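Trainee: coords please:
(one chain, ligands or ions: 1)
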Amino acid sequence: MKKTLVASAILFSLVACSSQQAPSQNTESTAVSAAQTQAVNQAFNDFKHHFIEEYWVLSPDHAVYAGRYELDGILVLPDMQQREAEKRFAEKKLIKLGRFDIEQLNENNASDYHIIKNELESILWYNKSLKRHEWDPSIYNVANTIGLILNTPYKSLEERLLVVLRRMEKVPAYYQAAAISLNTPTIPHTELAIQQNKGAMALFKGKLPKLVNESSLSSREKNVLLESAEKSTLAINDYVTWLESKLVELKTNGNAKDFRIGEALYEEKFALDIFSDLTAEQLYNKAVAEKKRVHGEIIKITDKLWPKYFADTAMPADKLKATKQLIDHISVKNVKRDEFVSSIRAQIPELEAFVYENNLIEMDLEKPLVVRETPEYMRGYAGASISAPGPYDAKANTYYNVTPLDNFTDEQAESYLREYNHWLLQILNIHEAVPGHYTQLVHSNKSPSLIKSIFGNGAMVEGWAVYTERMMLEQGYGDFEPELWLMYYKWNLRVIVNAILDYSIQVKGMSEQQAMDLMVNEAFQEQAEAAGKWRRATLSQVQLTSYFTGYSEIYALREALKSRTGQNFNLTNFHNQFLSYGSAPVPIIKKMMFSDYVKNH
Ligand code: ZN
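Mentor: This is a model prediction of the structure:
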């Protein structure tokens with residue numbers, strides 16, 4: 001018996017071998033090769049499944065955000081042991097991934113392969129090179145996930161409170177591990193950590209006890225929860241006090257770590273976070289050139305519109321100053337504060353109709369976007385955002401959250417409405433909803449890839465939304481009204497300047513004053529907006545370049561395919577095909593679209 005088994009095994013391997021050597025000489029060997037390809041793809045699907053499941057074990061917080069709740073009660077301690085576990089996981093999976101022949105994977109799997117590889121390399125690089133755990137105290141905060149658990153009714157309130165109890169038992173150990181992990185922090189990240197952890201205390205002192213008292217738990221359980229919440233508050237308070245004294249020390253000794261990460265780390269982070277064909281430096285140069293082009297365009301519009309609005313006033317010699325004056329003047333055309341949400345709601349069908357009538361992209365009118373007032377617990381950040389269903393709940397609604405201006409003073413509301421004036425509001429809706437983020441999501445859900453919904457490429461997602469703003473206007477949305485184009489260019493300058501700022505601050509040492517000058521004088525931003533952006537640019541690195549990188553790469557890809565196909569270029573087909581790969585990095589999509597083009601021509 002044993003002998004026969006060995007013999008048949010050898011026979012099988014011989015067949016497999018010969019089919020590899022001459023794959024297309026007869027139909028039989030082609031069938032074997034197709035079967036092999038299928039087997040490789042099946043094996044890759046299994047690999048992906050295990051990769052994701054093990055990833056959730058390593059990062060239960062991320063799992064909760066993705067809608068997987070099995071491990072919701074586990075608070076992972078941010079210590080050396082955890083970092084070692086992450087490192088081992090990434091190394092082990094990279095070896096396994098390297099065993100797959102990417103040429104044999106189908107398109108969906110091939111792009112997932114690149115995304116997983118990028119994710120694993122990022123884990124190692126963040127751990128070994130960037131080492132945020134040593135200098136960014138704001139990454140330590142237990143309240144975000146606990147807040148999400150309390151706000152998401154995936155189980156009864158009582159069950160979720162008991163989940164939170166399990167997490168709270170580890171809160172003191174969590175902050176001890178944080179303090180041990182930190183080495184020399186930067187000043188802005190320390191200030192942020194103090195502010196955010198004070199906010200975390202508010203959750204344990206305010207919202208949590210309130211929910212405990214409203215629940216139907218026994219009085220014994222309630223007492224245990226309230227005691228645990230108090231211990232958590234004390235642990236956070238200790239961390240905040242420790243950071244406050246650290247901050248004084250950093251400021252007096254002048255030995256704080258620089259928040260600028262410098263050229264070498266920046267280039268590496270750009271390559272991993274953005275996944276571009278360009279280096280960070282090349283992207284920066286491209287943004288500088290694009291700013292010049294857009295200034296040329298916006299000045300042409302100013303020349304044209306000036307007599308219409310300022311018939312009796314001479315135009316300032318400085319054309320950018322004239323542009324700023326013109327923008328300020330026409331921004332008074334805006335909606336009433338109590339009609340902000342309803343006017344956005346009214347505009348979505350108009351955008352859908354334009355896309356539909358001009359056949360720009362396939363639209364799924366069966367699954368409408370729901371415009372709603374931003375839920376209370378989500379307020380405080382962006383005024384408008386898209387809430388997409390998580391990868392484990394793809395059938396749920398997609399919401400366009402718009403925050404009403406209820407809590408604004410008259411002055412704040414006026415300034416906000418001037419910013420999101422009649423024209424800019426339309427561009428915002430294109431970006432967030434149709435055919436921007438929402439439309440991209442609908443397409444992305446048609447080729448479901450768990451990998452892409454969990455680790456989707458930010459530059460592709462933001463780049464698409466920014467690309468659609470220009471595409472819609474170029475296709476005649478708004479009838480080429482100069483005012484709409486003027487506002488579009490102002491909005492687009494923000495994207496361009498974000499990329500310039502990020503690189504200039506992190507790599508070239510740009511000062512706060514230089515940054516403010518750039519934003520206010522060359523991108524027409526308000527002081528308050530520019531000050532907020534400066535702060536953001538000291539706290540994050542690379543992310544601010546994602547909008548411009550993705551946008552310019554998508555636009556360049558379209559133009560390249562257009563020049564190759566000439567008369568046969570079809571914009572609708574380009575859009576549908578581009579969106580059919582899910583949220584993969586643009587260079588990966590580009591590769592697949594070009595190889596498809598070669599096959600068909
Ligand atoms: Zn966006």
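Trainee: can you give me the domain boundaries for this structure?
Mentor: The chain breaks down by automatic domain parsing into domains covering 2-18+41-134, 137-256, 268-560.
Trainee: where's the residue lying closest to residue 183 once chain neighbours are set aside relative to residue 249, distance?
Mentor: Ranked by CB to CB, 6 or more residues apart in numbering and with sequence neighbours excluded, the top spatial neighbour of residue 183 is residue 134, at 4.0 Å. Every C-beta, even on glycine, is put in place using the N, C-alpha and C of the backbone. Distance of residue 134 to residue 249, computed by CB to CB, to the nearest Å: 16 Å.
Trainee: ok, residue 593 next?
Mentor: Going from residue 593 to residue 249 by CB to CB gives 54 Å.
Trainee: element containing the nearest residue to residue 325 once chain neighbours are set aside, please.
Mentor: Residue nearest to residue 325 in three dimensions, not counting chain neighbours: residue 316, with 7.0 Å by CB to CB, 6+ apart. Under DSSP states H and E, no helix or strand contains residue 316.
Trainee: tally of neighbours for residue 316?
Mentor: Around residue 316 there are 13 other residues, counting by other CB atoms under 10 Å.
Trainee: correct me, but it touches residue 322?
Mentor: Yes: under the contact definition of CB atoms under 8 Å, residue 316 touches residue 322, with a separation of 4.7 Å.
Trainee: okay, and whichever residue of the stretch 401-550 of the chain sits closest to the ion sits in which element?
Mentor: Of all residues in the stretch 401-550 of the chain, residue 465 sits closest to the ion, at 4.4 Å by CB to the ion. Element membership of residue 465, judged by DSSP H and E, is helix 458-474.
Trainee: check which residues of that helix are buried.
Mentor: If you call a residue buried by 16 or more other CB atoms under 10 Å, then helix 458-474 has these buried ones: 458-473.
Trainee: and if you look at stretch 83-101?
Mentor: So stretch 83-101, judged by 16+ other CB under 10 Å, has buried residues 83, 86, 89-90, 93, 97, 100.
Trainee: average model confidence for it?
Mentor: Averaged across stretch 83-101, pLDDT comes to 98.
Trainee: next: stretch 392-400.
Mentor: Averaging pLDDT along stretch 392-400 gives 80.
Trainee: how far is it from where the chain is centred?
Mentor: Here stretch 392-400 is found 17 Å from its chain centre; the criterion is CA atoms, centre = their mean, to the nearest Å.
Trainee: ok, that stretch near the ion or not?
Mentor: No: counting by CB under 5 Å from the ion, the ion is not contacted by stretch 392-400; separation bottoms out at 12.0 Å.
Trainee: residues in contact with that stretch?
Mentor: Stretch 392-400 has contacts (CB atoms under 8 Å, 6 or more residues apart in numbering) with 66-68, 344, 348, 367, 369-372, 384-390, 432-433, 438, 441-442, 445, 448.
Trainee: so which of those sit within strands?
Mentor: Judged by DSSP state E, strands contain the following of the contacts of stretch 392-400: 370-372, 384-387.
Trainee: centre-most residue in the chain?
Mentor: For the chain, the residue sitting closest to the mean C-alpha position, by CA atoms, centre = their mean, is residue 458 at 4.2 Å.
Trainee: is it true that it touches residue 273?
Mentor: Yes: counting by CB under 8 Å, residue 458 touches residue 273, with 7.4 Å between them.
Trainee: give me the common contacts of those two.
Mentor: Common contacts of residue 458 and residue 273 (CB under 8 Å, 6+ apart): 543, 546.
Trainee: near the ion, which residues of the chain? Just list them.
Mentor: Residues of the chain lying close to the ion by CB under 5 Å from the ion are 462, 465.
Trainee: thinking residue 364 is in contact with residue 442, fair?
Mentor: Yes: at 5.1 Å, residue 364 counts as touching residue 442 under the criterion of CB under 8 Å.
Trainee: you'd agree residue 52 is in a strand?
Mentor: No: residue state for residue 52 (DSSP: H, G, I helix; E, B strand; the rest coil) corresponds to helix; a strand is not indicated.
Trainee: ok, now how distant is the residue nearest to it when sequence neighbours are not counted from residue 96?
Mentor: Nearest non-adjacent residue to residue 52, counting by CB to CB, 6+ apart: residue 450, 6.1 Å away. Distance, residue 450 to residue 96, using CB to CB: 17 Å.
Trainee: residue 247 too?
Mentor: Separation of residue 247 from residue 96 (CB to CB) stands at 44 Å.
Trainee: with residue 269 instead?
Mentor: Separation of residue 269 from residue 96 (CB to CB): 25 Å.
Trainee: whichever residue of the stretch 101-250 of the chain sits closest to the ion sits in which helix or strand?
Mentor: For the stretch 101-250 of the chain, the residue positioned closest to the ion under CB to the ion is residue 115, at a distance of 19.7 Å. Using DSSP H and E, residue 115 sits in helix 107-125.
Trainee: in that helix, what counts as buried?
Mentor: Buried, per 16+ other CB under 10 Å, within helix 107-125: 107-116, 118-120, 122-125.
Trainee: same check on stretch 224-240?
Mentor: Buried residues in stretch 224-240, counting neighbours by 16+ other CB under 10 Å, are found at 224-225, 228-229, 232-233, 235-237, 239-240.
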